[in-house]
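K.L.:
the sequence and its predicted three-dimensional model are supplied below.
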Amino acid sequence: MAARLLALIQDKLAEDTATGRLETQLPLDDLAYTMLRIAESFHYLPTITGEPADPDGATRVLRTLLHAPELSAQAGGGGARRRRGA
């Protein structure tokens, strides 16, 4: 499963790079792997920290790292999240 998801992420990154939507100095396989691990970290929060899963947190982190526009700001949503362990 993870191998297929990783390949899908790499394909999407390659498309975005080819069309100029994404510029990165990282090899796409490294970027895809890192993105997958970040998403998994937020998915497995209940096991890691006992907090609920937070897919929106993964989205915020990935958008920031990829310098993508914040969709929730356009929709009037968003907001700060408390610091883990606080």
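P.N.:
Now that the structure is in, tell me what you want to look at. Residues are numbered from 1 along each chain as shown.
K.L.:
only C-alpha atoms from now on, for both contacts and neighbour counts.
P.N.:
OK.
K.L.:
as a check, name the ranges of all helices in the chain.
P.N.:
Shown for the chain, the helices assigned by DSSP state H span residues 2-18, 28-43, 45-48, 55-66, 71-75.
K.L.:
okay, the angle between the second one and helix 55-66?
P.N.:
What it means is helix 28-43. 150 degrees (axes from the mean of the first three to the mean of the last three CA atoms, to 10 degrees).
K.L.:
might you calculate how far helix 28-43 sits from the centre of the chain?
P.N.:
7 Å (CA atoms, centre = their mean, to the nearest Å).
K.L.:
I would like the residues contacting that helix, please.
P.N.:
L6, I9, Q10, L13, A14, A53, D54, P55, G57, A58, T59, L62 (CA atoms under 8 Å, 6 or more residues apart in numbering).
K.L.:
most centrally placed residue in the protein?
P.N.:
With distances taken as CA atoms, centre = their mean, the residue of the chain nearest its centroid is L62 (3.3 Å).
K.L.:
need the winner for burial among the helices of the chain.
P.N.:
Highest mean neighbour count among the helices of the chain (mean count of other CA atoms under 10 Å): helix 28-43, with a mean of 17.
K.L.:
now the angle between helix 2-18 and that one, please.
P.N.:
Interaxial angle, helix 28-43 versus helix 2-18 (the same axes, to 10 degrees): 120 degrees.
K.L.:
and R4, how far from D11?
P.N.:
11 Å (CA to CA, to the nearest Å).
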